[in-house]
Every structure is written in structure tokens, then in C-alpha cells.
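K.L.:
Please work out how this folds:
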Amino acid sequence: MFHLQIQRKEKSSNTNKLFWEHVADLRRLLFFAIAITTASAVFVHSYRVVIIDFLLVQADTYKIVFLSPLDPILFIMKLDILGGILLSVPLILLLIFDYLRPVIGGKARLYIPVIVVGSFVALSMAFFYTFWVLLPLALEFLVNVQVGNIELFFSAKEYFNFVLLQLILTSIIFHIPFVIVALTFFDIVSPKLLGSKRFHVYIAITIFFAFLTPTPDIFNLLIVLLPAIIVFEISLVCSRLIQVFRYENK
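P.N.:
Predicted coordinates:
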């Protein structure tokens, strides 16, 4: 009896020790994530002139104005913070996967660099699609909506929010393959199930982007929705290939 009590105390002690080790690891993860985001924000601030010129590349024919004395400072601060967060996403993903390394299987660890590099590629594709496809089409459509003789001016704050929302939407779209592949890899869902529920997925995607698109018109919804559907179909193909590869190597 006494021996069993000692074993229970040792087990409880080991459990508490393991819990606090996880807390320490999580604290370390948060510290490095904040440090990386801060460093990325400093980097963005250093190149803010170049980045602002890039943001305005599709709006050079429109007049963009600040509406209050604080707007320029707030604009730069928002640019630094949000730019730092976007720039640090791949490295933060690497930290998260490193934290989850004990949970992830040995073979799955080999895919961590692929996921991080893939996330960087997805962000790059999102930037390209946003600034050279989606944004020109959206602006061309919206500026042609005339209301009487009212002249159109762009507030720098609202223009930045518009661009940011479009960028977030496209980033979500181009990260869909990683979510579906991960769910398939860990046997949470199967490509067959997703394929059979394709219609429901399309409805869910449509509702999701209908709420998030900055304007209620069908045109802006379609230029976001169509790439999402195409990327989803590509994701299904990739997940089927991964499933076949896993079964062949069992």
C-alpha cells in the first residue's frame, strides 16, 4: 500500500513537471514569435517608402488623401505592425511545428520545411494575385460607379484597409491546400469525403467570402470566389496523391 502511494506521488510529480515544461516551452514560443514579429515590423518600417509606393502602384491615377493630422502616423504604424505580422508568418509556423514536434510523428517532421517554404510561396502568390489581378479589377469596377456629380477621393486609411482585406482574403485562399493536405495527412478528413461534399464546400466558401468581401456586389465576390474554388480542386488532387503515396509506403 505504501509502495503504491509512493508510485502515485512520483507519477503526480512527473506529470506536474511535464506540465510546467510545456508551459515554459509555450512561453518561449510566444517570446520568439513576438521577437520575430517585432524584428519584421522594424524591417518593414525601414523600407516603408518602397512598400508604400508598391501599395499605391495600382492607385497612381486616383487622388489619395489623409483626413486628419494623425492619419500619416497611424498609417505608418498600421503598415509596420500588419506588415511585420504578414512577413513573420512562415517563421512563426516553423516555431509552432517545432513546439508540436513531440506530438508529430517522425516522418511528419520531414514535411515541416516543406510547409514553411510552401507558406512563403502561398503568401507570395497572394501578393501577386492581389496587386496585379484582384486590385486592378476591383478598382476599375468600383471607380466607375458614379453617384451624381460627387467627385471620388480615396482616404489613405480606407484604401489601406481595402487593400489589406483583399490581401487577407487571397492569403486565406492560397493557404487552403496546406489545410486540406494537413487534414488528409493526419487522417482527420479524406479526399473522398471532401469530394462527395463538394457542393456543400462551395456553398460554405461562397457564404464565407460573401461576408468578408469589402463590397456586396457580385463582381468582387466572383474575383475572390473563383480562385478559391480552383485552389480547392487543386487541393483535392494533392491530398489524393499524398494518400496514395502513404498507402504505397506502408
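
K.L.:
Okay, strands next: where are they in the chain?
P.N.:
Counting by DSSP state E, residue ranges of the strands within the chain are 64-65, 154-155.

K.L.:
Where does pLDDT dip in this structure?
P.N.:
The model of the chain has pLDDT under 70 over residues 1-20, 102-112, 214-216, 246-250.

K.L.:
of all the strands of the chain, which lies closest to residue 31?
P.N.:
strand 154-155 (36.9 Å; CB to CB). Bear in mind the C-beta positions are built from the backbone N, C-alpha and C, glycine included.

K.L.:
That closest one pairs with which strands?
P.N.:
In the sheet, strand 154-155 lines up against strand 64-65 (parallel) (DSSP bridges).

K.L.:
which other residues reach the strand it pairs with?
P.N.:
With contacts defined as CB atoms under 8 Å, 6 or more residues apart in numbering, strand 64-65 is touched by 56, 153-156, 159.

K.L.:
so residue 41 makes contact with residue 83?
P.N.:
Yes: Residue 41 is in contact with residue 83 according to CB atoms under 8 Å; the separation is 6.8 Å.

K.L.:
Residue 232: how many residues sit nearby?
P.N.:
Using other CB atoms under 10 Å, residue 232 is surrounded by 18 other residues.

K.L.:
got the contact list for it?
P.N.:
Residues near residue 232 by CB under 8 Å, 6+ apart: 176, 180, 201, 205.

K.L.:
all helices of the chain, in order?
P.N.:
Ranges of helices within the chain are 2-46, 48-55, 71-99, 112-129, 135-143, 156-185, 191-196, 198-212, 218-248, based on DSSP state H.

K.L.:
and of those helices, who's closest to residue 61?
P.N.:
helix 135-143 (8.9 Å).

K.L.:
Mind listing what's buried along the closest one?
P.N.:
The neighbour-count check on helix 135-143 (16 or more other CB atoms under 10 Å) flags 135, 138-139 as buried.

K.L.:
ditto for stretch 27-35
P.N.:
For stretch 27-35, the neighbour count (16+ other CB under 10 Å) marks 29, 32 as buried.

K.L.:
how distant is that stretch from the center of its chain?
P.N.:
Between the centre of stretch 27-35 and the centre of its chain there are 19 Å (CA atoms, centre = their mean, to the nearest Å).

K.L.:
Stretch 75-87 now?
P.N.:
The answer for stretch 75-87 is 15 Å, by CA atoms, centre = their mean.

K.L.:
For that stretch, output the C-alpha coordinates as PDB.
P.N.:
Taking C-alpha atoms only, stretch 75-87 is exported to PDB below (Å, rounded to 0.1, in the frame of the first residue of the first chain):
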ATOM      1  CA  PHE A  75      -1.000  54.900 -41.400                       C
ATOM      2  CA  ILE A  76       2.700  54.100 -40.900                       C
ATOM      3  CA  MET A  77       2.100  52.400 -37.600                       C
ATOM      4  CA  LYS A  78      -0.500  50.100 -39.000                       C
ATOM      5  CA  LEU A  79       1.700  49.400 -42.000                       C
ATOM      6  CA  ASP A  80       4.600  48.400 -39.700                       C
ATOM      7  CA  ILE A  81       2.500  46.200 -37.400                       C
ATOM      8  CA  LEU A  82       0.500  44.400 -40.100                       C
ATOM      9  CA  GLY A  83       3.400  44.100 -42.500                       C
ATOM     10  CA  GLY A  84       5.500  42.600 -39.600                       C
ATOM     11  CA  ILE A  85       2.800  40.100 -38.900                       C
ATOM     12  CA  LEU A  86       2.500  39.000 -42.500                       C
ATOM     13  CA  LEU A  87       6.200  38.800 -43.000                       C
END
